[in-house]
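1. with the sequence up front, the predicted model follows.
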Amino acid sequence: MQLIVTSRSTARRVCALALVLLGGLAAATAVAGVLPEDRADVLYHRYQGGGITIQGPSVLVRKKIGENFSVAANYYEDLISSASIDVKLSASAYKEQRKQESLSLDYLHGKSTYSAGYIHSKELDYNSDTSFFSVSQDMFGDLTTVSLSFKRGWDRVYRDVRLPDRSLVNDPAFNDGRGFDIADHRGYGLALSQILTRNMVLSLNYEALTDQGYLASPYRKIRFVDTSGKGFSLADQIYPRTRTSNAFSARVKYYLPYRAALDAQYRFFTDTWGIVAHTAELGYTHPIWKRWIFDGSFRYTRQSAADFYADLFPRANFANFMARDRELATLQSYAVGVGATYEFSMPHAPWINKSTVNLRIDHLLINYDDFRDATVTDPGNGILAGAEPLYKLNANVLQLFLSIWF
Amino acid sequence: MRTPIIPVRVALVLALVQALAACSSIQPWVKPFEREHLADPIMAFDRNPVSGSYRDHVFESREGARGATGGVGGGCGCN
């Protein structure tokens, strides 16, 4: 009898392992079986660092309709004021605004949740439309949730030029006189969420993304060796017009005996541009004094450079593809974050079940191994092109938001 | 000496069939009434979606890696 139990137990473990292996893929936009709570969030966000300030509001409202439907709407805005190192090198400081709206619908049917949505983003030099669909299924006594997702995006890229009156308009000469270029995106995801024990849950995610079209920043430049002047000259970047990436992540959350939660996450990323990245994050959540919840996290990313990236190319037209976007450089990124949530009663609003005010601050440090500060090149004082100090980005990210459940 | 390929394959197929057969009779090893801790809001992977998606966006705009974060983001010219 004992032998049979052991055998079934072993088989069950093998089965669970098989499911885990099969289940890798992701973008769990919904937890199957239960619709998300009715809730509204109003957030103010502010990013400041590297000569850039980006701030604005984000409002997210989610509401059930009947027993089977839930609708969510989000409005997000970026107000950008930029005098970054890239702008200083090849352009002039600017201000712009980006607005994004999204709408999604979840439909619960038995153990399955179907979700569909649409996202529209608009700024003066970039328009983007994205639609997505996902289906999630609970199984094995609701211990396991498997999700499949697909998204499709259509972008239009413009390049702005400044008129004599200082206003910005789309450059009609961009893309050989067409005035704009396009970028299409597709994403395929598979996710698996698995209850492991009464205190531990696991999430596995896989996502493949493909892009086709104009994928560069139209403003940033490469630099190449030129013995005249500062020792370098600038030229337009030339990106490949296709990119495919694969990302796999695993995340575990563990409930500690004294009501706190520990969170560990790892992501592996690789793409056809030659970038390989590893990201690890640890998080800790600690409720205290009934009304307070404190969060802390540390995130680390290491990535290798794209094959066609260089800080300083040996000459103009050195290769078919050339880029100097620092997002494609070899880098190490560190982020330390702390957050606090305070739950309170909203006066004169009996229809509100719960309300919280939340503050989160993250400090971000990115060390680049092969991106130099080309704004300080000064051959007369011995700072030659290609020998400038390596660039570091320090930024603070603030989020202040109010949440209500109704 | 030749490797006995066919018996190995047969054994693998049998093992897979055994594993799949176990799936059909799998029983939840954490019962619904044992999920009190898992239902605690602090155990949610994304306790505040409006905050989590913004944070993902901040990193994705400044690094080469993207995806597999569990959310759906739209496109933007954000670098």
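-> Perfect, I can see it now.

2. so where is the chain shaky, pLDDT-wise?
-> Picked chain A for this. A:1-32 (pLDDT under 70).

3. let's do chain B instead
-> B:1-7, B:10, B:13-14, B:16-26, B:79.

4. which stretches in it count as helices?
-> B:5-24, B:36-39, B:49-60 (DSSP state H).

5. pick out the residue of chain B closest to chain A.
-> residue B:28 (2.8 Å; C-beta to the nearest C-beta). For the C-beta atoms, the positions are set from N, CA and C on the backbone; glycine is no exception.

6. need the contact list for that residue.
-> A:140, A:141, A:142, A:143 (C-beta atoms under 8 Å, 6 or more residues apart in numbering or on different chains).

7. ok, which of the residues you listed also contact chain B?
-> On the criterion C-beta under 8 Å from any C-beta of the partner chain, A:140, A:141, A:142, A:143 are the entries of the contacts of residue B:28 that sit beside chain B.

8. now for these, which pair is the farthest apart?
-> A:140 and A:142 (7.5 Å; C-beta to C-beta).

9. near chain B, which residues of the stretch 251-400 of chain A are found?
-> A:251, A:253, A:255, A:259-261, A:267, A:269, A:271, A:273, A:275, A:277, A:279, A:285, A:287, A:293, A:299, A:301, A:303, A:306, A:325, A:327-328, A:331, A:333, A:335, A:337, A:358, A:360, A:362, A:364, A:366, A:393, A:397, A:399.

10. buried subset of the residues you listed?
-> A:251, A:253, A:255, A:260-261, A:267, A:269, A:271, A:273, A:275, A:277, A:279, A:285, A:287, A:293, A:299, A:301, A:303, A:306, A:325, A:327-328, A:331, A:333, A:335, A:337, A:358, A:360, A:362, A:364, A:366, A:393, A:397, A:399 (16 or more other C-beta atoms under 10 Å in any protein chain shown).

11. the strands in the stretch 301-406 of chain A, which residues?
-> Ranges of strands in the stretch 301-406 of chain A, per DSSP state E, counting those that start in this stretch, are A:331-344, A:354-372, A:390-405.

12. buried stuff in the second one?
-> Going back to what we said before, that points to strand A:354-372. Those buried within strand A:354-372 under the rule 16+ other C-beta under 10 Å are A:355, A:356, A:358, A:360, A:362, A:364, A:366, A:368, A:370, A:371, A:372.

13. again with the first one
-> Judged by neighbour count using 16+ other C-beta under 10 Å, the buried positions of strand A:331-344 are A:331, A:333, A:335, A:337, A:339, A:341.

14. so what's the third one closest to, chain neighbours aside?
-> Here the nearest residue to residue A:335 in space, its sequence neighbours aside, is residue A:299; by C-beta to C-beta, 6 or more residues apart in numbering or on different chains that works out to 4.2 Å.

15. again with the fourth one
-> Leaving aside its chain neighbours, residue A:337 sits nearest to residue A:362 (3.8 Å; criterion: C-beta to C-beta, 6+ apart).

16. contacts only, for that neighbour.
-> Neighbours of residue A:362 in contact, by C-beta under 8 Å, 6+ apart: A:297, A:335, A:336, A:337, A:396, A:397, B:55, B:58.

17. what about whichever residue of the stretch 51-200 of chain A sits closest to chain B, how many neighbours?
-> Chain B sits closest to residue A:141 of the stretch 51-200 of chain A, with a gap of 2.8 Å, by C-beta to the nearest C-beta. Using other C-beta atoms under 10 Å in any protein chain shown, the number of residues around residue A:141 comes to 14.

18. that one: what's it in contact with?
-> By C-beta under 8 Å, 6+ apart, the neighbours of residue A:141 are B:26, B:27, B:28, B:31, B:32.

19. so residue A:107 bridges to which residues?
-> residue A:69, residue A:114 (DSSP bridges).

20. list the contacts for the closest residue to residue B:61 other than its chain neighbours?
-> Counting by C-beta to C-beta, 6+ apart, residue B:78 is the residue found nearest to residue B:61 once chain neighbours are left out, at 4.3 Å. Shown in contact with residue B:78 (C-beta under 8 Å, 6+ apart): A:78, A:98, B:57, B:61.

21. and the first one, how far is that from residue A:93?
-> When distances are taken as C-beta to C-beta, to the nearest Å, residue A:78 and residue A:93 turn out to be 16 Å apart.

22. so which of these two has more stuff around it?
-> Between residue A:78 and residue A:93, residue A:78 has the larger neighbour count (other C-beta under 10 Å), namely 21 against 12.

23. isn't that one right up against residue A:58?
-> No - counting by C-beta atoms under 8 Å, residue A:78 stays clear of residue A:58, with 9.5 Å between them.

24. residue A:236 pairs with what?
-> Bridge pairing for residue A:236 - DSSP bridges - gives residue A:221.

25. in contact with residue A:351, which residues are there?
-> residue A:406.

26. measure it to residue A:344 for me?
-> If you measure residue A:351 against residue A:344 using C-beta to C-beta, the figure is 16 Å.

27. same check on residue A:152?
-> 42 Å.

28. try residue B:9
-> 64 Å.

29. do residue A:181 as well
-> Taking C-beta to C-beta, one finds residue A:181 at 50 Å from residue A:344.

30. same thing with residue A:357?
-> 7 Å.

31. and for residue A:160?
-> The value you get for residue A:160 to residue A:344, if C-beta to C-beta is used, is 45 Å.

32. ditto for residue A:385
-> Applying C-beta to C-beta to residue A:385 and residue A:344 gives a distance of 57 Å.

33. residue A:383 now?
-> 55 Å.

34. who's in contact with residue A:269?
-> A:245-247, A:275-279, A:303, B:64-68.

35. beta partners for residue A:331?
-> Going by DSSP bridges, residue A:331 forms beta bridges with residue A:303, residue A:368.

36. correct me, but it touches residue B:65?
-> No - applying C-beta under 8 Å, one finds residue A:331 not in contact with residue B:65, separated by 10.3 Å.

37. what do the two both touch?
-> A:301, A:303.

38. show the buried residues in the contacts of residue A:269.
-> Buried, going by 16+ other C-beta under 10 Å: A:245, A:246, A:247, A:275, A:277, A:279, A:303, B:64, B:65, B:66, B:67, B:68, out of the contacts of residue A:269.
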